[in-house]
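S.K.: Could you look at this predicted model? Sequence included:
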Amino acid sequence: MAGRSPARFIAPLALVASALALYLVVQSTSRDDTETPAAPSATSGATKTSSKAKRAAKKRQRRRTYTVKAGDTPSGIAEKTGVPLDQILELNPDLDPQSLSPGTKIKLRR
């Protein structure tokens, strides 16, 4: 036992420590962005956020068409725009989910 290197014992510990560090970094970056802070710093910040959300909701409601992006599906478009899927399909009878191509404009409102 006298001839063994201390690195023989330290190497496995270093491997476990680096794996733990990697796990912690991945967990901290994969948190959901919709989490609310525990204590807001000021009430005016909360007011600004809610007014921005209201403006975004109004903008979504006023939109009459939507330009399809890569990877979009009819249900995904309905969720993004706030327009029911049935209404999208009714306004676009020739809409085929299998043949959606980026750049295609679809109707959202009459």
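M.R.: That came through fine.

S.K.: buried stuff in the helix or strand harbouring Leu13?
M.R.: For Leu13, the host element (DSSP states H and E) is helix 7-29. For helix 7-29, a neighbour-count test (16 or more other CB atoms under 10 Å) marks nothing as buried. Where you see a C-beta, it was placed from the backbone N, CA and C, and this is true even at glycine.

S.K.: so how far is that helix off the chain centroid?
M.R.: On the basis of CA atoms, centre = their mean, to the nearest Å, helix 7-29 sits 29 Å off its chain's mean C-alpha point.

S.K.: for that helix, what is the average pLDDT?
M.R.: Per-residue pLDDT values over helix 7-29 give a mean of 86.

S.K.: how deep is Lys69 tucked in, by neighbour count?
M.R.: 13 (other CB atoms under 10 Å).

S.K.: Now do the same for the closest residue to it other than its chain neighbours: its pLDDT.
M.R.: Ranked by CB to CB, 6 or more residues apart in numbering and with sequence neighbours excluded, the top spatial neighbour of Lys69 is Pro102, at 5.7 Å. Confidence at Pro102, expressed as pLDDT, is 92.

S.K.: Can you get me a residue count around Pro102?
M.R.: 10.

S.K.: That one contacts Ala70, doesn't it?
M.R.: Yes: the pair Pro102 / Ala70 is scored as a contact, 4.8 Å apart, by CB atoms under 8 Å.

S.K.: OK, contacts around the residue nearest to Lys69?
M.R.: Val68, Lys69, Ala70, Asp72 (CB atoms under 8 Å, 6 or more residues apart in numbering).

S.K.: if you set the cut-off to 10 Å instead, what comes out?
M.R.: When contacts are counted by CB atoms under 10 Å, 6 or more residues apart in numbering, Pro102 touches Thr67, Val68, Lys69, Ala70, Gly71, Asp72.

S.K.: That one and Gly71, how far apart?
M.R.: 9 Å (CB to CB, to the nearest Å).

S.K.: With Gln87 instead?
M.R.: Separation of Gln87 from Gly71 (CB to CB) stands at 22 Å.
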